[in-house]
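Colleague: I would like the atomic coordinates for the input below:
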Amino acid sequence: MSVEFVSRIARSMIEASLKVPKGYRKSLPLITPLAKPFWEATTRHELVLQRCKGCGTYQWYPKPWCIDCGSRDLEWTKVSGRGKLFSYTIIRQVVQNAPGFDEDLPYVLATVELEEGPRMTAQLSNVKPEEAKIGMDLVVTFANATRELSFPKFKPP
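Modeller: All right, here's what the predicted structure looks like:
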C-alpha cells in the first residue's frame, strides 16, 4: 500500500469519527466512495445492490467490476429485501471495545441469502437466538444509527 493511500484512509477515518453523535456508543462503518450509494440508500430505508448491466449479476459487497463477467458497467439497483437465513452465530460477548453492543446481547449475527443471489451479513431483529433456524424467511428492516446512517437488519416477515 502506498503512503498516499494509507493517509487517505486515515483522513477518512478521522472525518467519520468526527460525525459520530455525542453519546453514540457503537462503531460506525468507514464509508468509502465505492460503498457510498449503498449507505445513502439505507438512510432512505432502501436496500440496493450493484448489478451488472452486461450480464445481470447482482453482487455484494461493492466492487469496481462484475464478479461474473468482469464488466465495469455496474448500476445500483433496489432489491426486494427478502431472503433466507443461510448461516448464523449467536453473539454473547462484546469484543474489540465496542461497549454499545452490550445492550443487544445476546443477538444473532446472520448470513442472509437474498432472493437476488448475494449473501449479506447482518444482525437479526425480532428473533430470539433459540428461534433462529437455517432456511427461515427474512425481510430487511433498518435501524437508524444517526440522521445520516441506517443499518440493514433482517427479521421474519
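
Colleague: end to end, how far does stretch 100-117 reach?
Modeller: 32 Å (Cα to Cα, to the nearest Å).

Colleague: any residues touching it, and which ones?
Modeller: Here stretch 100-117 makes contact (Cβ atoms under 8 Å, 6 or more residues apart in numbering) with 24-27, 49, 57-58, 60, 79-94, 119-124, 127, 129, 132, 138, 154. (Each C-beta comes from the backbone N, C-alpha and C, glycine too.)

Colleague: if we go to 6 Å?
Modeller: With contacts defined as Cβ atoms under 6 Å, 6 or more residues apart in numbering, stretch 100-117 is touched by 25-26, 58, 79-80, 82-92, 94, 119-121, 123-124, 127, 129, 132, 138, 154.

Colleague: These, buried ones only, as a PyMOL selection?
Modeller: Entered in PyMOL, the line below selects the buried ones among the contacts of stretch 100-117, by 16 or more other Cβ atoms under 10 Å:
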select buried, resi 26+58+79+82+83+84+85+86+88+91+120+123+124+127+132+138+154
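
Colleague: so of the contacts of stretch 100-117, which ones are in strands?
Modeller: Counted as lying in strands by DSSP state E, out of the contacts of stretch 100-117, are 58, 82-91, 119-121, 123, 138, 154.

Colleague: what's the burial count for residue 30?
Modeller: 12 (other Cβ atoms under 10 Å).

Colleague: what are the bridge partners for residue 123, then?
Modeller: Under DSSP bridges, the beta-bridge partners of residue 123 are residue 109.

Colleague: Return the distance of it relative to residue 155.
Modeller: The gap separating residue 123 from residue 155 is 10 Å, by Cβ to Cβ, to the nearest Å.

Colleague: same deal with residue 144?
Modeller: The separation that residue 144 has from residue 155, given Cβ to Cβ, amounts to 15 Å.

Colleague: for residue 69, same thing?
Modeller: 34 Å.

Colleague: The residue nearest to residue 68 when sequence neighbours are not counted and residue 152, how far apart?
Modeller: The shortest distance from residue 68 to any non-neighbouring residue, by Cβ to Cβ, 6 or more residues apart in numbering, is to residue 57 (4.1 Å). Residue 57 is 20 Å from residue 152, where distance means Cβ to Cβ.
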